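*Asks:* Please find the sequence and the predicted model below.
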Amino acid sequence: MSDPKKDVSEFNEVPEAEVRSRKRHFSISIVWLVPLVAVLIGGWLVFKALSEKGPEISITFKSAEGLEAGKTKIKYKDVELGQVATIKLSEDLSEVVVTAELVKQAESFLSVNTRFWIVRARVGVSGVSGLGTLFSGAYITLDPGKPGNQTHYFRGLEQPPLVTADLPGRHFSLKADSRGSLDVGTPVYYRKIQVGQVVAYHLVEDGHTVLFKIFINAPYHQYVYQNTRFWNASGLDFKLDAQGVRIDTESLTSILIGGIAFGNPQVEAPGPPAEAEALFILFKNMDEAKERTYLIKSKTVLYFDESVRGLTIGAPVEFWGIQMGQVIDVKLVFDGQKKTFRIRVLIETETERFYEAGFIGDDVERQQLFENLLKKGFRAQPKTGNLLIGSQIIILDFFPDAPPFVVDWNAKIPELPSVPGTLGELKLHITSILKKVDAMMTQVKELSAKLNHQIEPELSDTLQQATKTLVTIQDTLENDSPLQQDLQIALREFAKAARSVNNLADYLERHPESLIEGKKGK
Amino acid sequence: MNQGLKTARNEGLISCHSCHLLCRSAGPDAIMTCPRCGTRLRRRKPNSIKRTWALVVAAFIFYIPANLLPITIVTSLGNAQSDTIMSGVIYFIKTGMWPIALVIFVASIFVPLLKLIILTFLLITVQRKSSWRQKDRTRLYRITEVVGRWSMVDIFVVTILVALVKLGALASIQAQSGAVFFCAVVVITLFAAMSFDPRLIWDTEESLNE
């Protein structure tokens, strides 16, 4: 632009540009809106990423089978909650530590009760699960559990829990003598409908019982009353009796993996519904569950001064023919005062039976009742239960003649006085019988001696005589004996005579006149 | 250097961008229109440096989410996998498909970044009225213009895949937000390159008194 005027002449033919008035003037170009929008969007993304960034948790697993860092998802109800960030071995190489980034939403329900486990394809007796993961790969899922203290360190479960917190229903505990064939996942049946399952089991600290935790799904948990009976329904129930062969089972599954069934006693009115976590006894089978109505038991001790041969642990204790309990211990004790041995028998009675019979009262009333009964002669007595095998039982009965007895209520186990058993009496009877038999046997002996010494010689003479007689008879009857010969001659003569008579008869037939005229000469 | 050069500006002349009619300028601050087609006449692209700066900054900002956010989600047999541009490149390298990895890397990561860096470089040098290697800088600008559109390859590939792979539960591909940002980067850099006036490189000798 040093000298414009000089050049103008060269471009005279170039048209003049039209001039317009300036309409608008922006001090800031509108184009700056573009980076502004970019900043806004970028800022929003950053804010979103930061605000959605949830907690970082670490979960310990036995093995990271199927897990992949940066890929494996953490899902709950199939909603993605996060992703596995890193997978590392623990310091002692025994475990795998998985760290995962979760969304912010997860923060609120992570607690010490939250359980994590890996969902993989699993094939078990009770079913197949997680087939979808065959294609999609394993993922980690969780059960929020009950609210509790927050934590970011978890121990993953190796097996998926059977019952998650969102499942409606109720937990109960069952006490059993042994685990049997029951396992985690074993179904629980009510009227042959599967209504729940075994969630866990463990040995109680004392080592005597196994405690099962079961879960009954809603709405079936309302059928569990306080007097509901649970029993082991594993396998086949095979019965052979007078009614024939009966085979009973809860389901095919329970034959394979066992099962638990429960029912309510029909004779009783159902009690109040059972509370969650209520404890029940797990009976060995249905019959036992139906019989064993009585759970409250009290112990009583008995002393006997005689042999209790045949009385075994488990022998029934009966009162007027109704079983009230059983013998739980039999042992020999030494009585320091009397310097003699005694038999101490511990029995267990089902106290509830007394309540059922109409007696309701507290401990003091019960003691009074007991003392009253004792005054009337309430005593225990051993009795032969089965003559064939000689087993003994304990019976409770009233013996008005029994000596009075005072109960020591301060003793650890109260004592019930006893009366001598029927076996003792029986023994006396048998002894007297045996004595009589003995006397009888002596008489028999004397008789036989008499027979030996007095009758035998005479008899021998007689026999000799008889022999002689028989020899004589034999001689007489021999072939060449005179008697035989005489007899033969006589018979021959007799035959001749018969022939002569025959001839005479013929002649007479031809010459009947000869009877009168006589024989004519030739 | 180009003191003695006869340029249109030096002669007080102006060319119409639409019909290329040469007109006489009415003065440095006047608003002029082409007497033939009525298009507005400008000596240089208006606010070229400001505009380019704005777009370059915007492109830089979008470049971050474009590379950090996933551009596709491949769902095959229920297994969903989201991929960013870089994870795709790494995947192809891992599976031994070097050429494809190279193409994607060059077209989607290297080229957009290169363009942005070149444009920034040009803007800075123009603003500083640098007369350093003007020819080479112009060549750089031409490279930017030519190569810029090829970055759209990635977007087209994603678009075609999304349209083609619709096999229901078996396999499906979905575009993700990263693709949108990447597209924005490419388009904005195209506009930035367009709004940059390479003549400014050569204007350094003259006083930018307009």
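*Replies:* In hand now; what should we look at? Note that the structure is predicted; figures quoted are calculated from it, not measured.
*Asks:* right, is the longest helix along chain B up against chain A?
*Replies:* Longest helix in chain B, counting residues (DSSP state H): helix B:48-68. Yes - Helix B:48-68 reaches chain A (CB under 8 Å from any CB of the partner chain) through B:50, B:51, B:54, B:55, B:57, B:58, B:59, B:61, B:62, B:64, B:65. C-betas here are computed from N, CA, C, even on glycine.
*Asks:* And that helix, what's buried?
*Replies:* B:48-49, B:51-63, B:65-67 (16 or more other CB atoms under 10 Å in any protein chain shown).
*Asks:* What of stretch A:376-384?
*Replies:* Within stretch A:376-384, the residues that count as buried by 16+ other CB under 10 Å are A:377, A:378, A:379, A:380, A:381, A:382, A:384.
*Asks:* out of those, who's nearest residue A:69?
*Replies:* residue A:380 (74.7 Å; CB to CB).
*Asks:* isn't residue A:189 right up against residue A:261?
*Replies:* Yes - counting by CB atoms under 8 Å, residue A:189 does reach residue A:261; the two are 4.4 Å apart.
*Asks:* Which one's more surrounded, those two?
*Replies:* More crowded of residue A:189 and residue A:261, by other CB atoms under 10 Å in any protein chain shown: residue A:261, with 24 against 20.
*Asks:* can I assume the more buried one sits in a strand?
*Replies:* Yes - remark: residue A:261 belongs to a strand, assigned using DSSP: H, G, I helix; E, B strand; the rest coil.
*Asks:* which residues touch the helix or strand hosting residue A:397?
*Replies:* Assigned by DSSP states H and E, residue A:397 belongs to strand A:391-398. When contacts are defined by CB atoms under 8 Å, 6 or more residues apart in numbering or on different chains, strand A:391-398 is touched by residues A:302, A:308-312, A:315-320, A:324, A:327, A:345, A:347, A:373, A:376-385, A:416, A:421, A:423.
*Asks:* please redo it, this time with the cut-off set to 6 Å
*Replies:* For strand A:391-398, contacts defined as CB atoms under 6 Å, 6 or more residues apart in numbering or on different chains pick out A:310-311, A:315-319, A:376-378, A:380-385.
*Asks:* I'd like the average pLDDT over the helix or strand just after that strand.
*Replies:* Remark: after strand A:391-398, the chain's next helix or strand is helix A:422-450, criterion DSSP H and E. For helix A:422-450, the mean pLDDT works out to 83.
*Asks:* same check, this time on stretch B:86-100
*Replies:* 87.
*Asks:* For it, buried residues please.
*Replies:* Here stretch B:86-100 shows B:88, B:89, B:92 as buried, counting by 16+ other CB under 10 Å.
*Asks:* Mark out where each domain of chain B begins and ends.
*Replies:* B:1-43, B:46-209 (automatic domain parsing).
*Asks:* which stretch in those is the model least sure about?
*Replies:* Lowest mean pLDDT within the domains of chain B: domain B:1-43, a mean of 75.
*Asks:* how about it, does it reach chain A?
*Replies:* Yes - using CB under 6 Å from any CB of the partner chain, domain B:1-43 reaches chain A at B:11, B:12, B:22, B:23, B:24, B:26, B:30, B:31, B:32, B:33, B:35, B:41.
*Asks:* between those, which is closest to residue A:340?
*Replies:* Set against residue A:340, the nearest of these by CB to CB is residue B:31 (138.1 Å).
*Asks:* Excluding covalently adjacent residues, which one is nearest to that closest one?
*Replies:* In space, and not counting its chain neighbours, residue B:31 is closest to residue A:20: 4.6 Å by CB to CB, 6 or more residues apart in numbering or on different chains.
*Asks:* which residues in the stretch 251-400 of chain A form helices?
*Replies:* Under the criterion DSSP state H, counting those that start in this stretch, the stretch 251-400 of chain A contains helices at A:252-257, A:286-291, A:352-356, A:363-375.
*Asks:* Comparing those helices by mean pLDDT, which bottoms out?
*Replies:* Out of those, helix A:352-356 stands lowest, with a mean of 65 (criterion: mean pLDDT).
*Asks:* ok so, going back, buried residues in the helix or strand following the longest helix of chain B, which are they?
*Replies:* Downstream of helix B:48-68, the next assigned helix or strand under DSSP H and E is strand B:72-76. By 16+ other CB under 10 Å, the buried positions in strand B:72-76 come out as B:72, B:74, B:75, B:76.
*Asks:* got the contact list for strand B:72-76?
*Replies:* Residues outside strand B:72-76 that contact it (CB under 6 Å, 6+ apart): B:80, B:81, B:82, B:83, B:158, B:171, B:172, B:173, B:174, B:176.
*Asks:* Walking through chain B, point out its helices one by one.
*Replies:* Ranges of helices in chain B, per DSSP H, are B:48-68, B:85-94, B:98-104, B:111-127, B:134-148, B:152-164, B:177-195, B:199-202.
*Asks:* coming back round to it: counting neighbours, which of the contacts of strand B:72-76 end up buried?
*Replies:* Neighbour counting over those (16+ other CB under 10 Å) leaves B:82, B:83, B:158, B:172, B:173, B:174, B:176 as the buried ones.
*Asks:* Turn these into JSON lines, columns for distance to chain A.
*Replies:* Shown next, in JSON lines, are these (distance: CB to the nearest CB, whole Å):
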{"residue": "B:82", "distance to chain A": "10"}
{"residue": "B:83", "distance to chain A": "11"}
{"residue": "B:158", "distance to chain A": "19"}
{"residue": "B:172", "distance to chain A": "14"}
{"residue": "B:173", "distance to chain A": "16"}
{"residue": "B:174", "distance to chain A": "15"}
{"residue": "B:176", "distance to chain A": "13"}
